[in-house]
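1. Starting from these lines, generate the structure:
(4 chains)
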2 protein chains.
Amino acid sequence: MANKNFTTLFSESLDQSDLSAKQQAVLRASLELFSQKGFDRTSTRDIADRAAVSEGTVYKQFKTKDGILKAILEPFIHQVLPKAVTEFMVDMAQNATPTIDEFLEKAVKNRMKFALDNRQQLRILLQEITRNANLVSLIGKEAANIINSPLGNVIRKYQEDGQLVRWPLQRIIQYISGTVLTYLLPKVLAGGELDIDQASKETVEFVMHGLKPAK
Amino acid sequence: MANKNFTTLFSESLDQSDLSAKQQAVLRASLELFSQKGFDRTSTRDIADRAAVSEGTVYKQFKTKDGILKAILEPFIHQVLPKAVTEFMVDMAQNATPTIDEFLEKAVKNRMKFALDNRQQLRILLQEITRNANLVSLIGKEAANIINSPLGNVIRKYQEDGQLVRWPLQRIIQYISGTVLTYLLPKVLAGGELDIDQASKETVEFVMHGLKPAK
DNA sequence: TAATAATGAGTGAGTGGTCACTTATTAAAT
DNA sequence: ATTTAATAAGTGACCACTCACTCATTATTA
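-> A predicted model of the protein is given here:
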């Protein structure tokens, strides 16, 4: 499962960018501070100090404090996230298993790992989402892409097999995501370790069979 | 279903409190502004203006800006939420239905209505949760109380009836909450209307039977 | 009852401090 | 030598919070 995490992808895109070492340090420092203290409670002074750089240097490249936030979140939403989704979908499509339970457990495990590898960035995103309503719809649109993708086809195959209810994919993904989030959100927000194997097993157990007792 | 919404309860507790009309206006103004702009982006000047009151008046009662936030969130978490849960449980115990599906649909509908009636307060709570990790565990503890309560017994009865898997109640509630949240969160954060009847029907359909097709 | 005193909510002009952002100056790179 | 990067000392706006004072109401006194 060759999924790269965001930190890696972020570093790569930093290298590719024509930003100087110091400007890259600014972004890395901002990433840490925004995640730890939140955007509003991080001062540009804090950022400059953490990056071991003067405040003027911060403003040379990023004209405003919001510009720094954009420089972090926009690549995440428009490049890293789609790229990660694509890699994931290809992976999954190739690893399609005969039973959906097996497939789902792999997929869930994969996504949980990705999320935990990227707590920092997700924390910033969550903070922004609660303040910026249109981020919600933006991410919703990115999620909608799954439906028109190899992964969508894999899932549809299970429907045709009779292994999966014939609900709209959007609805199915909504429920799976929601269940996965009940395990992830507390860990992303409050920290602590998650037993991914256990959590993904439990998730599939519920998501597939619901709360009716097995006969 | 006599469940009062939070706005009512909030107003009631304001009336009961020995706060003067102006101090009540401060809290009401803060509630609106914190919800709209977020705590950090609301100044005490903003609050005073919106409440048509001097800044000194704001600080006469609430010694700090954080004090205002506490005055809004603490009653919500420690009085309003438990009170709402209690009323809800009593309601439910009285209306306990023979099948769990019916029961669940009522319960889910009830909770969705409560949440939508109180978007403002929930938005503030969500904003704070992303910054204040220990709020997560605090709310988790409140949720745990449900388990040791009449509602817990109602649910346990369905387990003994063989209508509900014998998982720990905490796990069952986790999944139901997660699924409900997939409908609620977008609406609370981004606005828009929710067809509660439809949503609660769909929720129960999934939560009870999962994604395996009915034979 | 009339005059006076005490009370406390309310006021708004400060106050010190922080913040995002600028600019004059210096160092480095080409 | 000239352009570019980096610095660090500003700068004004704004912020949370304070305080000396007002004034309407209530309690006390005569």
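
2. any idea which element the nearest residue to residue A:42 once chain neighbours are set aside lies in?
-> With sequence-adjacent residues excluded and distances taken as CB to CB, 6 or more residues apart in numbering or on different chains, residue A:42 is closest to residue A:33, at 4.3 Å. To be clear about C-beta, it is placed using only N, CA and C from the backbone, and glycine gets the same treatment. With elements taken from DSSP states H and E, the one containing residue A:33 is helix A:21-37.

3. Mind giving me the packing neighbours of the following helix or strand past that helix?
-> Under the assignment DSSP H and E, the closest C-terminal helix or strand after helix A:21-37 is helix A:44-51. With contacts taken as 3 or more CB pairs under 8 Å, 6 or more residues apart in numbering or on different chains; DSSP states H and E, helix A:44-51 sits against helix A:21-37, helix A:55-61.

4. related to what we said a few turns ago, burial check on the residue nearest to residue A:42, number of neighbours?
-> 21 (other CB atoms under 10 Å in any protein chain shown).

5. quick one: contacts for it?
-> Listed by CB atoms under 8 Å, 6 or more residues apart in numbering or on different chains, the contact partners of residue A:33 are A:42, A:46, A:47, A:50.

6. Give me the neighbour count for residue A:101.
-> Using other CB under 10 Å, residue A:101 has 17 other residues around it.

7. I'd like to know which elements the lengthiest helix in chain A is packed against.
-> As assigned by DSSP state H, the longest helix anywhere in chain A is helix A:169-190. Contacts defined by 3+ CB pairs under 8 Å, 6+ apart place helix A:169-190 against helix A:100-117, helix A:119-131, helix A:133-144, helix A:150-161, helix A:196-209, helix B:133-147, helix B:169-190.

8. Next, the angle helix A:119-131 makes with that helix.
-> Helix A:169-190 runs at 110 degrees relative to helix A:119-131, counting by axes from the mean of the first three to the mean of the last three CA atoms, to 10 degrees.

9. Return the alpha-carbon coordinates of helix A:169-190 using PDB.
-> The C-alpha coordinates for helix A:169-190 follow below in PDB (Å, rounded to 0.1, in the frame of the first residue of the first chain):
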ATOM      1  CA  LEU A 169     -22.700   5.600  -3.600                       C
ATOM      2  CA  GLN A 170     -22.800   9.000  -1.900                       C
ATOM      3  CA  ARG A 171     -25.000   7.500   0.800                       C
ATOM      4  CA  ILE A 172     -22.900   4.500   1.300                       C
ATOM      5  CA  ILE A 173     -19.700   6.500   1.600                       C
ATOM      6  CA  GLN A 174     -21.400   8.900   4.000                       C
ATOM      7  CA  TYR A 175     -22.200   6.100   6.400                       C
ATOM      8  CA  ILE A 176     -18.800   4.500   6.200                       C
ATOM      9  CA  SER A 177     -17.000   7.800   6.700                       C
ATOM     10  CA  GLY A 178     -19.200   8.700   9.600                       C
ATOM     11  CA  THR A 179     -18.400   5.400  11.400                       C
ATOM     12  CA  VAL A 180     -14.700   5.800  10.700                       C
ATOM     13  CA  LEU A 181     -14.800   9.300  12.100                       C
ATOM     14  CA  THR A 182     -16.200   8.200  15.400                       C
ATOM     15  CA  TYR A 183     -12.900   6.400  15.900                       C
ATOM     16  CA  LEU A 184     -10.600   9.100  14.400                       C
ATOM     17  CA  LEU A 185     -12.000  12.400  15.600                       C
ATOM     18  CA  PRO A 186     -11.300  11.900  19.300                       C
ATOM     19  CA  LYS A 187      -7.700  10.800  18.500                       C
ATOM     20  CA  VAL A 188      -7.000  13.700  16.100                       C
ATOM     21  CA  LEU A 189      -8.500  16.300  18.400                       C
ATOM     22  CA  ALA A 190      -7.400  15.000  21.800                       C
END
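
10. what angle do it and helix A:100-117 make?
-> Using the same axes, to 10 degrees: helix A:169-190 against helix A:100-117 is 40 degrees.

11. buried residues in helix A:169-190?
-> A:169, A:172-176, A:178-189 (16 or more other CB atoms under 10 Å in any protein chain shown).

12. what's the answer for stretch A:86-104, then?
-> A:87, A:88, A:89, A:91, A:92, A:93, A:96, A:100, A:101, A:103, A:104.

13. how close does the second one get to residue A:109?
-> Read that as residue A:88. According to CB to CB, to the nearest Å, residue A:88 and residue A:109 sit 11 Å apart.

14. contacting residues around residue A:194?
-> A:112, A:116, A:183, A:184, A:187 are the contacts of residue A:194 under CB under 8 Å, 6+ apart.

15. swap that for residue A:199, please
-> Contacts for residue A:199 were tallied using CB under 8 Å, 6+ apart; they are A:112, A:183.
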